[in-house]
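> Turn this into a model:
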Amino acid sequence: MSTLFVSDLHLCPERPAVTALFQRFLTDTASSASALYILGDLFEYWAGDDDLDDPHHAAVAAALAKTADTGTAIYLLHGNRDFLLGAGFARASRVNLLGDPTPIDLYRTPTLLSHGDTLCSDDRDYLALREKIRTPAWIAAFLAQPLAQRKAQIEQMRRHSEQEKQRKEYALMDANPEAVTTALRNHQCRRLIHGHTHRPARHFHDVDGQSCERWVLPAWEEDGGYLHCDAGGCNAVRIAG
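Presented below is the predicted three-dimensional model:
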């Protein structure tokens with residue numbers, strides 16, 4: 001029995017090596033696990049489920065479905081890049097969509113799962129934008145536009161985001177310790193697993209006198225990585241590209 005966690009793969013046609021690495025991971029590793037959790041940003045961006053006809057997207061969905069057919073339960077949290085993944089993608093890939101955050105009982109350890117962007121509470125400009133574009137009204141209006149127009153807007157937003165990152169302080173885009181403590185306390189969890197910051201590490205936090213651990217998942221670039229958890233605990237595993 002094992003449970004695996006990945007995040008921030010940012011899959012896209014422009015990075016075929018990363019997509020191939022993920023597909024090998026699904027076949028060679030995830031297919032023998034009891035569960036796989038993808039904690040956001042599976043794709044570099046997602047313009048809507050009507051983009052499932054794209055060959056790259058269809059191939060990723062098929063690979064996930066094939067892994068689910070082996071008996072591995074697959075769960076997906078939305079990231080800041082792919083929060084428009086919906087029921088259509090879930091059906092095609094046989095994944096189960098989860099809210100953010102989601103508490104689970106991970107081998108008798110109460111564990112909180114999150115993409116991690118909401119933990120970056122010092123980045124107020126980003127959180128304000130996140131709140132705006134996650135409203136049902138904004139999403140409905142955006143998805144009502146033609147697919148090509150949506151993709152053009154997303155590209156513009158991505159360029160703006162990259163420019164904003166250049167001017168922001170390093171610490172501003174990291175998880176705030178108080179936000180981490182609050183999340184663990186509110187959900188009564190002793191472990192937190194998240195991605196988003198691209199700063200893989202294991203941290204320890206004191207929450208009301210109790211030692212809690214926080215695992216930050218790596219982004220997939222030239223190499224990949226995942227968190228392997230079983231009844232004995234959790235270990236970070238690197239995958240060579």
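> nearest residue to the residue nearest in space to the middle of the chain other than its sequence neighbours?
Nearest to the geometric centre of the chain sits residue 40, at 1.6 Å (CA atoms, centre = their mean). Here the nearest residue to residue 40 in space, its sequence neighbours aside, is residue 79; by CB to CB, 6 or more residues apart in numbering that works out to 2.7 Å. Where C-beta positions appear, they are placed from N, C-alpha and C, glycine not excepted.
> what's the next secondary structure element after the longest helix seen in the chain?
The longest helix of the chain (DSSP state H) is helix 147-167. Going down the chain from helix 147-167, the next helix or strand is helix 177-186, by DSSP states H and E.
> Return that following helix as CSV; C-alpha atoms alone will do.
Taking C-alpha atoms only, helix 177-186 is exported to CSV below (Å, rounded to 0.1, in the frame of the first residue of the first chain):
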residue,chain,number,x,y,z
PRO,A,177,4.3,30.5,8.2
GLU,A,178,1.3,31.9,9.9
ALA,A,179,-1.0,30.9,7.0
VAL,A,180,0.5,27.4,7.3
THR,A,181,-0.2,27.2,11.0
THR,A,182,-3.7,28.5,10.6
ALA,A,183,-4.5,25.9,7.9
LEU,A,184,-3.2,23.1,10.0
ARG,A,185,-5.0,24.3,13.1
ASN,A,186,-8.3,24.9,11.4
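> what does that helix rub up against?
Residues from elsewhere that reach helix 177-186 (CB atoms under 8 Å, 6 or more residues apart in numbering): 101, 112, 114, 118-121, 189-190, 192, 203, 205, 207-208, 212, 214.
> now swap in stretch 25-32 and tell me
2, 4, 6, 36, 63-64, 66-67, 70, 72, 74, 224, 226, 239.
> sorry, back to before: look at the residue nearest to the centre of the chain and report its pLDDT.
The score at residue 40 is 97. That number is its pLDDT.
> Would you check that it makes contact with residue 7?
Yes - the criterion here is CB atoms under 8 Å, and residue 40 meets it with residue 7 at 5.7 Å.
> Next, show the common contact partners of those two.
79, 115, 116, 195, 196.
> quick revisit: now, the contacts of stretch 25-32 that are in strands?
Members of the contacts of stretch 25-32 lying in strands (criterion: DSSP state E): 4, 6, 36, 74, 224, 226, 239.
> so what's the fifth one up against?
Right, residue 224. If you count contacts by CB under 8 Å, 6+ apart, residue 224 has them with 6, 9, 18, 21, 22, 25, 218, 238, 239, 241.
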